[in-house]
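Visitor: sequence first, predicted coordinates after that:
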Amino acid sequence: MTIVTEATRLRIRPLGALGAEVTGGSLDPLSAADEATIKQAVRDHLVLRFRGYNLDDLAFTRLAERLGTLQPSPDYTRSRKVYSSESPAMTIISNVKENGEAIGEHGDGELNWHTDLAFTDYPSEYTMLMAREVPAAGGNTWFANMYKAYEAMPDALKERVAKLKMKHQASHNAQGGTRPGYKDIETNDVREMPGPIHPILRTHPVSGRKALFLGRRFGAYIPGLPLAKSEALCDELWSYAALPENTWAQEWQVGDLIIWDNRCTMHRRDSFAGQGRRRMHRLCTRGTRPE
Ligand SMILES: [Fe+2]
């Protein structure tokens, strides 16, 4: 019997310190060979950009499901439930208002460096953003390579934090306001804020490589340390988190799809206030507990 192995039709071109452009072939339907190519490429490059494939929301959802189990954002993180009727796990990230009401989350301000759902027990594995509308300027999404952040740390710092953990506070958003499910929480003391405790250094379950895992600076606390020591150590760790040479920025075009691996990256967004409409459709896949 002859086994015919289908060849991939996708081509992969690195973009910088992390990130690669995927071109060629077809994403819908997606062959088994092309699925394997995408999985290998995201393992190698951490962030993938697909430009010009023109996927609608259903095709986008089909592609996302090939990468894992879709995970809607927890309802308690939202001030308003934003779903696409075609894809219940899809979230809308947008500054657009219709009839005076936001159609999506996050407005038009800067979003600081973070890892998606780090403030839960099971941070997202992959996040996928599809650009449906983009502003004339601003709103770029930046990515940082957290393997390289780990590699940039001095050995003494690696050893110091090897067994330490960090609390990723869950009750407050990046602007310092309480999330809808935590309205009763009045403390501003990071030691008392609720949130999961994750290792500072995590090992990627697929690549086996170590990565610095910080989640978000605001509200971070290293249990067991006095507050001042925790703050100083957090600051020291953050000084390695997004060195310019370890980052890459995505400048969006309509139809761009970006897939990234939250287990070895962080991301942030430039503001775009006054620059026009921006509408992104987001899907995430469920991750495992960081180890
Ligand atoms: Fe995010």
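Guide: Structure's in. What do you need?
Visitor: what about residue 198, neighbour count?
Guide: The burial count assigned to residue 198 is 23, neighbours taken as other CB atoms under 10 Å. For every residue, glycine as well, the C-beta is placed using N, CA and C.
Visitor: where does it sit: helix, strand or coil?
Guide: Assigned by DSSP: H, G, I helix; E, B strand; the rest coil, the conformation of residue 198 is strand.
Visitor: which residues sit in contact with it?
Guide: 118, 123, 165-166, 168, 213, 215, 289-290 (CB atoms under 8 Å, 6 or more residues apart in numbering).
Visitor: out of those residues, who's the most crowded?
Guide: Neighbour counts for the contacts of residue 198 (other CB under 10 Å) peak at residue 213, which has 28 neighbours.
Visitor: how much space separates that residue from residue 96?
Guide: Separation of residue 213 from residue 96 (CB to CB, to the nearest Å) stands at 33 Å.
Visitor: same thing with residue 286?
Guide: As judged by CB to CB, residue 286 and residue 96 stand 28 Å apart.
Visitor: which parts of the longest strand seen in the chain are buried?
Guide: Longest strand in the chain, counting residues (DSSP state E): strand 126-133. Neighbour counts using 16 or more other CB atoms under 10 Å place 126-132 of strand 126-133 among the buried residues.
Visitor: please apply the same query to stretch 191-201.
Guide: So for stretch 191-201, counting by 16+ other CB under 10 Å, buried means 193, 195-196, 198-201.
Visitor: I'd like these written out as CSV, with distance to residue 219 added.
Guide: Putting the buried residues of stretch 191-201 into CSV (distance: CB to CB, whole Å) gives the following:
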residue, distance to residue 219
193, 6
195, 7
196, 12
198, 13
199, 17
200, 15
201, 20
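Visitor: pLDDT added to those, as a markdown table?
Guide: Formatted as a markdown table, those follow (pLDDT from 0 to 100):
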| residue | pLDDT |
| --- | --- |
| 193 | 90 |
| 195 | 94 |
| 196 | 96 |
| 198 | 98 |
| 199 | 98 |
| 200 | 98 |
| 201 | 98 |
